[in-house]
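Asks: Sequence and predicted structure are below.
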Amino acid sequence: FDAPDSDETLGTFENKLLWHYPVGQKNSVFALLAGGLANRDNVPLPQQYKLGGLFRLGAYGFDEFSGPNYLLGSLGILKSLTNSPTGPNLYLGLWVEYGGVYNQLSELNLKNDFSVGLISPTFLGPLFICASCTENFDTVYYMGLGHFF
């Protein structure tokens with residue numbers, strides 16, 4: 001497609017692989033592999049891929065990293081903390097994320113973080129409370145109500 005402020009045509013490709021495996025009746029393991037490529041390095045900022053924020057390197061600021069290409073991987077578990085068939089369900093989520101943006105693959109500087117969250121379904125959608133921290137223990141907190149996607 002045509003990118004603003006550019007005479008060159010911009011081509012991009014993005015793909016995500018999500019994997020979810022139930023462990024027992026109420027627990028699961030999940031993984032995400034994602035990546036995006038552009039056909040050139042000088043991509044205008046609005047068309048660049050962005051990382052940072054909840055589920056995309058959550059311990060970093062929203063869209064803190066941007067570039068023409070990116071890689072992202074996550075691995076985690078979702079554990080049921082309650083066992084009541086009629087009462088409210090409460091889940092604990094633990095996951096790690098690795099990812100980065102780059103112009104050339106040799107310039108890739110992977111960032112990582114660790115996140116822990118509590119999730120409970122409500123009539124308005126899931127209630128979510130989460131903390132994400134970097135390897136330097138810089139921490140970001142999230143709280144949400146409603147569907148994430």
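Replies: Received the coordinates, thanks. Not measured: the values here are computed from a predicted model.
Asks: CA atoms for contacts and neighbours, from now on please.
Replies: Will do.
Asks: Residue 96 against residue 112, yeah?
Replies: Yes: using CA atoms under 8 Å, residue 96 makes contact with residue 112 at a distance of 7.2 Å.
Asks: Any idea how many residues pack against residue 34?
Replies: 16 (other CA atoms under 10 Å).
Asks: and it, what pLDDT?
Replies: Among the per-residue scores, residue 34 shows a pLDDT of 98.
Asks: Which helix or which strand is home to it?
Replies: Element membership for residue 34, per DSSP states H and E: strand 27-38.
Asks: Now do the next helix or strand after that strand, average pLDDT.
Replies: The helix or strand immediately downstream of strand 27-38 is strand 49-51, counting by DSSP H and E. Mean pLDDT, computed over strand 49-51, is 96.
Asks: can you map out the helices along the protein?
Replies: Shown for the chain, no helices are assigned by DSSP state H.
Asks: Low-confidence ranges, it, go.
Replies: Across the chain, residues meeting the criterion (pLDDT under 70) sit at 1-8, 86-87, 148-149.
Asks: Going along the chain, name the strands of it.
Replies: Here the chain has its strands, by DSSP state E, at 12-23, 27-38, 49-51, 65-67, 69-80, 91-102, 111-122, 125-134, 139-145.
Asks: Figure out which of those strands is closest to residue 58.
Replies: strand 125-134 (5.7 Å; CA to CA).
Asks: That closest one: how far from the chain's middle?
Replies: Strand 125-134 has its C-alpha centroid displaced from the chain centroid by 12 Å (CA atoms, centre = their mean, to the nearest Å).
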